[in-house]
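In: turn this into a structure:
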Amino acid sequence: MLTTQAFHALVKYTEFAQSYSYATKSCRIEYKCPTAYIQLDGMTTSGLELVRNLRDTKQKKGSLFGTVDYCSTAMGQRLLWTSILQPLSSKTQKDAINNRLDFIELLIGKCMWCVLRVCVSVCVCESFTEVAQIFQYVSIR
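Out: Alright, predicted model coming up:
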């Protein structure tokens with residue numbers, strides 16, 4: 001809806017500023033909602049505090065975006081922002097969602113093995129039972 005309104009404003013601007021006129025019914029606009037993503041409205045976005053804090057709308061701290069934003073580049077932050085505001089639809093993108101979940105499982109598994117490797121290599125633990133306890137503690141979190 002907003003896209004159509006923005007396009008209409010652009011057409012009106014070109015007609016006014018550039019003295020250009022379009023013939024009636026010369027342009028047919030048809031808006032198709034992308035089915036791969038869930039469309040979230042503004043009330044949902046602000047109510048769930050996805051990208052902005054409700055108390056201070058200029059702060060991202062306290063929102064989902066502020067909590068999970070560990071991106072080191074601006075491009076990564078924009079991709080994360082877009083991924084939060086346009087989540088994949090489970091009806092049409094089931095395989096993509098499962099691939100992402102499998103990747104997260106792989107990362108978590110590798111992180112746990114890294115913690116175990118560090119514990120053993122630094123000799124933080126005096127016995128293997130302590131290593132097992134640390135590994136179990138990390139896997140619970």
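In: go ahead and name everything in contact with the helix or strand containing residue 75.
Out: Using DSSP states H and E, residue 75 sits within helix 74-85. Helix 74-85 is contacted by residues 40, 45, 50-51, 64-65, 68-69, 71 when judged by C-beta atoms under 8 Å, 6 or more residues apart in numbering. For glycine as for every other residue, the C-beta is placed from the backbone atoms N, C-alpha and C.
In: quick one: distance of that helix to the chain centre.
Out: Helix 74-85 sits 5 Å away from the centroid of its parent chain (C-alpha atoms, centre = their mean, to the nearest Å).
In: got the CA positions of it in CSV?
Out: Output in CSV follows, covering the C-alpha atoms of helix 74-85 (Å, rounded to 0.1, in the frame of the first residue of the first chain):
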residue,chain,number,x,y,z
ALA,A,74,27.0,-1.5,8.7
MET,A,75,26.0,-3.9,6.0
GLY,A,76,25.6,-6.7,8.5
GLN,A,77,23.5,-4.4,10.7
ARG,A,78,21.2,-3.6,7.7
LEU,A,79,20.9,-7.3,6.9
LEU,A,80,20.0,-8.1,10.5
TRP,A,81,17.5,-5.2,10.6
THR,A,82,15.8,-6.5,7.4
SER,A,83,15.8,-10.1,8.7
ILE,A,84,14.0,-9.0,11.9
LEU,A,85,11.4,-6.8,10.1
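In: buried ones in it?
Out: 80-81, 84 (16 or more other C-beta atoms under 10 Å).
In: now, which of those residues sits nearest residue 11?
Out: Closest approach to residue 11 among the buried residues of helix 74-85 (C-beta to C-beta): residue 81, at 29.1 Å.
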